[in-house]
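[1] I would like the atomic coordinates for the input below:
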Amino acid sequence: MQRLLNDPKNYVDEMLEGVYAAHPDMVKYIDDDKRCYVTTKKKEGKVGLATGGGSGHLPLFMGYVGDGMLDGCSVGGVFQSPSADQMAAVTREIDSGAGVLYIYGNYTGDIMNFEMAQELVDFDDIKVMHVLGADDVASAPKGEEDKRRGVAGIYYVFKCAGAAADSMLPLEEVARIAQKAADNVRTMGVALTPCIIPENGKANFSIEPGQMELGMGIHGEPGVEVCPMKTADDTVDYMLDRILPDKPYEAGDEVAVLINGLGATPKEELYIIYRRVAQVLADKGIKVFKVDVGEFATSMDMAGVSISLLKLDDELKKYLSMPCRTPFVSQPQL
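    As a prediction, this is how the structure comes out:
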């Protein structure tokens, strides 16, 4: 394994030290714990937004803490949930009297720890609500959406919830808008290579040369099919054939599209993927309102891509269009 690191055991903390050094005007840590990551700005009376999860997915999760998006993130080890105590510390720091909304992926460890964190901050009279990202269509069939993994589509939940909170809406309304975004986004990914966890120094699963895994999760969870490599167009067609019927997305709908690289996919290839997505959506009479192409939820150095579609109405378009600025993403008013 050839990697630019020091002691693998310090991988996460040294990464965090670099982020704090690069962006001291935007983010900081609290309680002498680098993994309690919060914004430097606090607006009185605004709903606080917190997330959390394992490292190895930048810019997910901590990358979306900043103006117009999230207020805090508890940071776990690579592919490991942060602790309930860290989640509670972040919650107390970002609460400004209007309550806190937790937005996180549908993973057992994260659910358990966020629920424990809520119990801890109940003693501080902080009102907490939860919204789960569960957008991966490959991880459970239609009708069992509550069993699905949260993957790159949670970006849109963060974005819409952040804009709603920045508009000074009450907690229940911010949670409603976040849930609306979560309910209207669908994602599917494919993996071409495994990834290497620094402390292990070896791949966490295997894909034979010339093969690809369809529906792979961002921690290396099994997909739905292993098959010979497909062309870019055939890969997109396979993915959209599963995404589009699931909501469903139909002629006349307006969507946002997220083309997400998993860590080691050149941006050129991501645009080749979007080229075909645009063709298919146009052929089906689905209008594209906004496109994001890049890395939004990675899996260390995995090669692969995911496609997310967010079905829009005027309300979601309004919040999706509002500005934001974090160390990892910046958007002007659209």
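
[2] and residue 12, what does it touch?
    Going by C-beta atoms under 8 Å, 6 or more residues apart in numbering, residue 12 touches 35, 55, 75, 77-78. Just so you know, the C-beta spots here come from the backbone N, C-alpha and C atoms, and that holds for glycine as well.

[3] cool, and residue 316?
    Contact analysis of residue 316 by C-beta under 8 Å, 6+ apart lists 160, 177, 180-181, 184, 310.

[4] which secondary structure element contains it?
    Following DSSP states H and E, one finds residue 316 within helix 314-320.

[5] circling back to that earlier point, quick one: which of the contacts of residue 12 sit in helices?
    Counting by DSSP state H, the contacts of residue 12 place none of their members in helices.

[6] possible to save those as a markdown table with neighbour count, pLDDT and distance to residue 113?
    Output for these, formatted as a markdown table (neighbours: other C-beta atoms under 10 Å; pLDDT from 0 to 100; distance: C-beta to C-beta, whole Å):
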| residue | neighbour count | pLDDT | distance to residue 113 |
| --- | --- | --- | --- |
| 35 | 22 | 98 | 13 |
| 55 | 24 | 97 | 15 |
| 75 | 26 | 98 | 12 |
| 77 | 18 | 96 | 13 |
| 78 | 21 | 95 | 16 |
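
[7] and the two most separated of those?
    Farthest apart among the contacts of residue 12 by C-beta to C-beta are 35 and 78. That separation is 12.2 Å.

[8] residue 208: how many residues sit nearby?
    A count of neighbours around residue 208, defined by other C-beta atoms under 10 Å, yields 8.

[9] helix, strand or coil for it?
    coil (DSSP: H, G, I helix; E, B strand; the rest coil).

[10] per-residue confidence for it?
    At residue 208, the predicted lDDT confidence score is 90.

[11] next, work out how far apart it and residue 173 are.
    For residue 208, the distance to residue 173 (C-beta to C-beta, to the nearest Å) stands at 50 Å.

[12] all helices for the stretch 201-334 of the chain, in order.
    Ranges of helices within the stretch 201-334 of the chain are 232-243, 267-283, 314-320, based on DSSP state H, counting those that start in this stretch.

[13] can you put these in a markdown table and add mean pLDDT and distance to residue 67?
    Formatted as a markdown table, these follow (pLDDT from 0 to 100; distance: least, C-beta to C-beta, whole Å):
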| stretch | mean pLDDT | distance to residue 67 |
| --- | --- | --- |
| helix 232-243 | 98 | 31 |
| helix 267-283 | 98 | 25 |
| helix 314-320 | 98 | 14 |
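
[14] those: which one's closest to residue 153?
    That would be helix 232-243 among those, by C-beta to C-beta, at 10.1 Å.

[15] in strands, which of the contacts of residue 316 appear?
    In this view, those that belong to strands under DSSP state E are residue 310.

[16] now for the contacts of residue 316: which two are most distant?
    Once C-beta to C-beta is applied, these give 177 and 310 as the farthest pair, at 12.5 Å.

[17] ok, the spatially closest residue to residue 322 that is not a sequence neighbour to residue 222 distance?
    Closest residue in space to residue 322, ignoring its immediate chain neighbours: residue 163 at 3.9 Å, by C-beta to C-beta, 6 or more residues apart in numbering. Distance of residue 163 to residue 222, computed by C-beta to C-beta: 35 Å.

[18] what of residue 257?
    Distance from residue 257 to residue 222, counting by C-beta to C-beta: 26 Å.

[19] these two: who's more crowded?
    Using other C-beta under 10 Å as the criterion, residue 257 and residue 222 rank with residue 257 on top: 19 against 13.

[20] what sits against the closest residue to the more buried one other than its chain neighbours?
    Of all residues not flanking residue 257 in the chain, residue 291 sits nearest, at 5.0 Å (C-beta to C-beta, 6+ apart). Residue 291 makes contact with 256-257, 259, 274 under the criterion C-beta under 8 Å, 6+ apart.

[21] with distance to residue 70 added, can I get those in TSV?
    Below are those laid out as TSV (distance: C-beta to C-beta, whole Å):
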residue	distance to residue 70
256	18
257	22
259	22
274	26
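
[22] backbone torsions only: list them for residue 20.
    Residue 20 adopts backbone torsions of phi -60, psi -40, taken as degrees, to the nearest 10.

[23] now, the contacts of residue 291 that are in strands?
    Counting by DSSP E, these contribute 256-257, 259 to strands.

[24] pLDDT weak spots in this structure?
    1 (pLDDT under 70).

[25] mind checking how far the residue lying farthest from the centre of it is from residue 88?
    Computed with C-alpha atoms, centre = their mean, the maximum C-alpha offset from the centroid of the chain is found at residue 123, amounting to 29.6 Å. To residue 88, residue 123 is 9 Å away according to C-beta to C-beta.

[26] now residue 218
    To residue 88, residue 218 is 25 Å away according to C-beta to C-beta.

[27] likewise for residue 38?
    Counting by C-beta to C-beta, the gap from residue 38 to residue 88 is 13 Å.

[28] understood, closing this out.
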